[in-house]
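*Asks:* Fold the following for me, if possible:
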Amino acid sequence: MLETRDIIDIQQLEAFCHHAVDHDDQSLFHLAFTEDARFDGRLCGGPLCVGLDEIRAFFALGKPPHPPSHHMTNCWVHEEDGRVRVKMKWICPDPRTGTMVVGDNDDWVVPTDAGWRIKERIAMIRYPGGFSGSGEG
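*Replies:* Numbers count the residues shown, from 1 in each chain. Here you go, the predicted model:
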């Protein structure tokens, strides 16, 4: 059973991850993801990245194609099927048009010796429906 401190730490991790993605380089990613993390951006027009090196390489493409900033909201931490899951909404400006794009992240987070980390993230677009850009949301 999750303790209140775990939920706070996980919500902090989720917020920090967006700062890591927006940082000038990928030097903070090890503080957000496990070494063997999976990032599935296919529902946002991006790739499936397996492992921290592939995730770093994807975000090293810069801005654009990635949005200039990532914002999170509505972070819900819960246990499901023996895993700690996070359902979180995000909003980003589309670097091509300047309009806002919104979506969801479905994360699986795990405790490590260094704190909670994201083991798997599935990013999906919620609005606009026709968006097929290459950036993560």
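*Asks:* Please make it C-alpha for all contacts and neighbour counts, starting now.
*Replies:* OK.
*Asks:* what about stretch 50-58, distance to the chain center?
*Replies:* 13 Å (CA atoms, centre = their mean, to the nearest Å).
*Asks:* cool, stretch 56-64 as well?
*Replies:* The chain centre lies 14 Å from the centre of stretch 56-64; the measure is CA atoms, centre = their mean.
*Asks:* packing partners for the stretch of helix or strand residue 37 belongs to?
*Replies:* Counting by DSSP states H and E, the element that carries residue 37 is strand 33-43. Counting contacts by 3 or more CA pairs under 8 Å, 6 or more residues apart in numbering; DSSP states H and E, strand 33-43 packs against strand 48-50, helix 52-59, strand 115-127.
*Asks:* residues making contact with it?
*Replies:* Identification of contacts with strand 33-43 by CA atoms under 8 Å, 6 or more residues apart in numbering yields 46-53, 55, 117-125, 135-136.
*Asks:* what's the pLDDT at residue 62?
*Replies:* What the model reports as pLDDT for residue 62 is 89.
*Asks:* Would you tell me which helix is longest in this structure?
*Replies:* Once the chain is assigned using DSSP state H, the helix that runs over the most residues is helix 4-22.
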